[in-house]
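K.L.:
Have a look at this fold, sequence not included:
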């Protein structure tokens, strides 16, 4: 008997369009012989099932079921393709845990932790995972530009603490541009992390649970045409994503070991994609994404393809893992 799989997509953040693209790719490639797939759009104003004719059917939030033209549907598993809140910060994970519905991403605590860049890097530091010097601000804090520059130097990166896909991020070269960069970051989040600039090779490392094992995927090197790997570079073709990365064996071994250590220390499940910058042979972590992009152009699917894993295998394995954990 086929399992009913809800593919949740959209979300409440600036990333909702990217999430819709990811969710539609999952819907296209998930094994139709084994699964009935349902596109579920999650927005602040509505949760709806969108059928093949683009007709919307409201989702009952009390039990996450839906009444379709063919009848009442309850779901055996949820495939999480939401980038940003509420799919990447733990809210949906906690909701599905309360309902007893398995889902493909990590648990709610890991989601909330990894979505918070400051907390993630602090938790991983005792495990030998290095990160750039940083300075924290919360909305309403006094802005001491001299203290910030003394701590992180120039240039530096000003980032929203809990936002993905390079929204609200600026690279600051001059002191006089610091305040406007902080204002930009506050448009995305009420917490900010300001990090020192690391001048080295940037790589993205996918780590997944695949057929019951923790698997590190081939590493991607990021070469941005812009000043850094911003939204335009990430989603509008202004970067080269080279897989496998042009790094030494020493570098590859170190960053693979570090990415896998972070995944296992945090007791992760599902997909993760972590970003690192090398200073000589030492990898420094920038962040970890737990619902990375899943379009055919996205980094993690590219890495899976290099590893000989098709999109159908990648997505089907995630559902199988979630169902087996139940």
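P.N.:
Nice, thanks for sending it over. In this text, all values refer to a predicted model and were calculated from it rather than measured experimentally.
K.L.:
does the residue nearest to residue 279 when sequence neighbours are not counted belong to a helix or a strand, and which?
P.N.:
Distances taken as C-beta to C-beta, 6 or more residues apart in numbering place residue 200 nearest to residue 279, at 4.9 Å, with adjacent residues excluded. To be clear about C-beta, it is placed using only N, CA and C from the backbone, and glycine gets the same treatment. Using DSSP states H and E, residue 200 sits in no helix or strand.
K.L.:
Report how many residues lie close to residue 200.
P.N.:
When neighbours are defined as other C-beta atoms under 10 Å, residue 200 has 16 of them.
K.L.:
can I see the domain layout of this structure?
P.N.:
Following automatic domain parsing, one finds the domains of the chain at 3-104, 112-129+199-325, 134-196.
K.L.:
which stretches of the stretch 201-326 of the chain have low pLDDT?
P.N.:
226-238, 326 (pLDDT under 70).
K.L.:
try 80 this time
P.N.:
Low-confidence segments of the stretch 201-326 of the chain (pLDDT under 80): 224-239, 326.
K.L.:
Now do the helices in this structure.
P.N.:
According to DSSP state H, the chain carries its helices in the segments 16-29, 91-99, 108-115, 117-124, 145-152, 178-186, 231-235, 249-265, 299-306, 311-325.
K.L.:
So for residue 3, which of the ones you listed sits nearest?
P.N.:
Closest approach to residue 3 among the helices of the chain is made by helix 311-325 (7.0 Å; C-beta to C-beta).
K.L.:
quick one, that closest one and helix 299-306 angle?
P.N.:
Relative orientation of helix 311-325 versus helix 299-306 (axes from the mean of the first three to the mean of the last three C-alpha atoms, to 10 degrees): 100 degrees.
K.L.:
mind listing what's buried in helix 311-325?
P.N.:
For helix 311-325, a neighbour-count test (16 or more other C-beta atoms under 10 Å) marks 311, 313, 314, 315, 316, 317, 318, 319, 320, 321, 322 as buried.
K.L.:
Ok, stretch 88-106 next?
P.N.:
Neighbour-count burial for stretch 88-106, counted by 16+ other C-beta under 10 Å, picks out 88-96, 101-106.
K.L.:
Ok, stretch 198-214 next?
P.N.:
Applying a neighbour-count criterion of 16+ other C-beta under 10 Å, one finds 198, 200, 201, 202, 203, 204, 205, 206, 207, 208, 209, 210 buried in stretch 198-214.
K.L.:
circling back: could you dump the helices of the chain into TSV with distance to residue 37 added?
P.N.:
Putting those into TSV (distance: least, C-beta to C-beta, whole Å) gives the following:
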stretch	distance to residue 37
helix 16-29	5
helix 91-99	17
helix 108-115	23
helix 117-124	32
helix 145-152	46
helix 178-186	37
helix 231-235	25
helix 249-265	27
helix 299-306	17
helix 311-325	10
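K.L.:
picking up where we left off before, now intersect the buried residues of stretch 198-214 with the strands, please.
P.N.:
Counting by DSSP state E, the buried residues of stretch 198-214 place 202, 203, 204, 205, 206, 207, 208, 209, 210 in strands.
K.L.:
can you tell me which residues contact the last one?
P.N.:
To tie it back to what came earlier, the one meant is residue 210. By C-beta atoms under 8 Å, 6 or more residues apart in numbering, the contact list for residue 210 reads 309, 314, 317.
K.L.:
10 Å - rerun?
P.N.:
Contacts for residue 210 (C-beta atoms under 10 Å, 6 or more residues apart in numbering) come out as 217, 271, 304, 307, 309, 313, 314, 317, 318, 320, 321.
K.L.:
which one is the fourth one nearest to, not counting chain neighbours?
P.N.:
Sequence neighbours aside, residue 217 is the residue nearest to residue 307 in space, at 5.3 Å (criterion: C-beta to C-beta, 6+ apart).
K.L.:
Count the neighbours of that neighbour for me.
P.N.:
That count, for residue 217 with other C-beta under 10 Å as the rule, works out to 28.
K.L.:
And for the one 5 residues further on?
P.N.:
A count of neighbours around residue 222, defined by other C-beta under 10 Å, yields 21.
K.L.:
can you check residue 142 too?
P.N.:
Here the number of neighbours of residue 142 (other C-beta under 10 Å) works out to 6.
K.L.:
Relative to residue 188, which of the buried residues of helix 311-325 is nearest.
P.N.:
Taking C-beta to C-beta as the measure, residue 318 is the one of the buried residues of helix 311-325 closest to residue 188, at 28.1 Å.
K.L.:
Residue 256 versus residue 201, what's the distance?
P.N.:
Distance, residue 201 to residue 256, using C-beta to C-beta, to the nearest Å: 15 Å.
K.L.:
now do residue 60
P.N.:
Distance from residue 60 to residue 256, by C-beta to C-beta: 44 Å.
K.L.:
For the two, indicate the residue with more neighbours.
P.N.:
The neighbour comparison of residue 60 against residue 256 (other C-beta under 10 Å) goes to residue 256, with 17 against 12.
K.L.:
The more buried one is in contact with residue 250, isn't it?
P.N.:
No - counting by C-beta atoms under 10 Å, residue 256 stays clear of residue 250, with 11.1 Å between them.
K.L.:
All set, thanks.
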